[in-house]
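A.B. asks: quick one, fold the following:
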Amino acid sequence: MLRTLLLSTLAAALTAAPGTLVLGGKSYALTHVYARKGPNAFEPKKISTYVLAADRELSPAERTDGDAIRELAWEGKLNGIEIELTDGGISWSIKTNQIKASMSGSQTPDPYKLTVAADRITGTVKMEKPEKLGETEYFFAFDIDAPIEVKVEPPPPTAADKAAAQNAASAKAYKAYLAVLMKGDKAALMKAVDPEKAKMIDTPEFPQMLKFIQSMQPKNIQILRASEAGGTAELAVSGNAGADVGTVKMQKIGDAWVVMKESWKSR
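C.D. replies: The predicted structure follows:
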């Protein structure tokens, strides 16, 4: 009786701005709501409309990129709820690393009756009551009034970009990182990556982890473009004879460029 009363009170209270995500007894204020067009989660040739309610502000590059959103959640840098509108219904997924299991679901028809115009989406997402998935209880509610954005893809690298990249300091540092990675030089690797990754390398489990990383690393990596701005750089790369393409984020710490993040996908 008391639990039912508490849940009813909770559901009634979670309607005011900012929005709220309650997950496993912990509450997150959803302070920013974004909308974007992007590939359908299961049929990439189709385009879906997505809404993300998050507990932090995101840059245009982050909020229009589904992979970036997923990585931020994995890294514990974002908590939120993402809604995908598909064929009159919705799919939802909770973005967080606070629980071990993936939490997602779908409903048809769209229970929230969201209004999608050419360039804007409005409406209210609010569960009727808290529910459970496995042992984890969850609830989310937030208002939407957001422009629908589209990821701006950079132009393909040119031959001139590739030639210039070979002389970029960040690109040279990445090549050096690849060499010590495949060699398995632990001390050199710790210097070639950011401090957080260096801590992961300096563990008893690293030798086994290294074998897996080496096996997954694309072969014959080519640096196609290096874009340096201040103390950060982004490298466009390809591997496995062009079958895989990726992006490498670099940062200058002191006088040295170090690897922050690599993202790869098949063409």
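A.B. asks: secondary structure element for Ser93, which one?
C.D. replies: Taking DSSP states H and E as the definition, one finds Ser93 inside strand 89-95.
A.B. asks: that strand - contacts with which helices or strands?
C.D. replies: Applying 3 or more Cβ pairs under 8 Å, 6 or more residues apart in numbering; DSSP states H and E, one finds that strand 89-95 contacts helix 66-74, strand 80-86, strand 104-107, strand 136-150. Bear in mind the C-beta positions are built from the backbone N, C-alpha and C, glycine included.
A.B. asks: which SS class is Gln98?
C.D. replies: coil (DSSP: H, G, I helix; E, B strand; the rest coil).
A.B. asks: next, Met103: phi, psi?
C.D. replies: According to degrees, to the nearest 10, the main-chain angles of Met103 amount to phi -120, psi 120.
A.B. asks: give me the neighbour count for it.
C.D. replies: For Met103, the neighbour count with other Cβ atoms under 10 Å is 17.
A.B. asks: spit out the contact partners of it.
C.D. replies: Met103 sits next to 23, 93-94, 133, 136, 138 when contact means Cβ atoms under 8 Å, 6 or more residues apart in numbering.
A.B. asks: contact partners for Glu131?
C.D. replies: Applying Cβ under 8 Å, 6+ apart, one finds that Glu131 lies in contact with 137-139.
A.B. asks: do that again at 10 Å, thanks
C.D. replies: Counting by Cβ atoms under 10 Å, 6 or more residues apart in numbering, Glu131 touches 7, 105, 137-139.
A.B. asks: hang on, the earlier thing: strand partners of the strand holding Ser93, parallel vs antiparallel please.
C.D. replies: Each strand paired with strand 89-95, and its direction, by DSSP bridges: strand 80-86 (antiparallel), strand 104-107 (antiparallel).
A.B. asks: and the angle for that strand with strand 136-150?
C.D. replies: Relative orientation of strand 89-95 with respect to strand 136-150: 110 degrees, computed using axes from the mean of the first three to the mean of the last three Cα atoms, to 10 degrees.
A.B. asks: give me the buried positions along strand 89-95.
C.D. replies: For strand 89-95, burial by neighbour count (16 or more other Cβ atoms under 10 Å) applies to 90-95.
A.B. asks: now for the contacts of Met103: which two are most distant?
C.D. replies: Pairwise distances among the contacts of Met103 were taken by Cβ to Cβ; the largest, 13.5 Å, belongs to Ser93 and Thr136.
A.B. asks: circling back: from the contacts of Met103, which is closest to Val180?
C.D. replies: Checking the contacts of Met103 against Val180 by Cβ to Cβ gives Ser93 as the nearest, at 37.0 Å.
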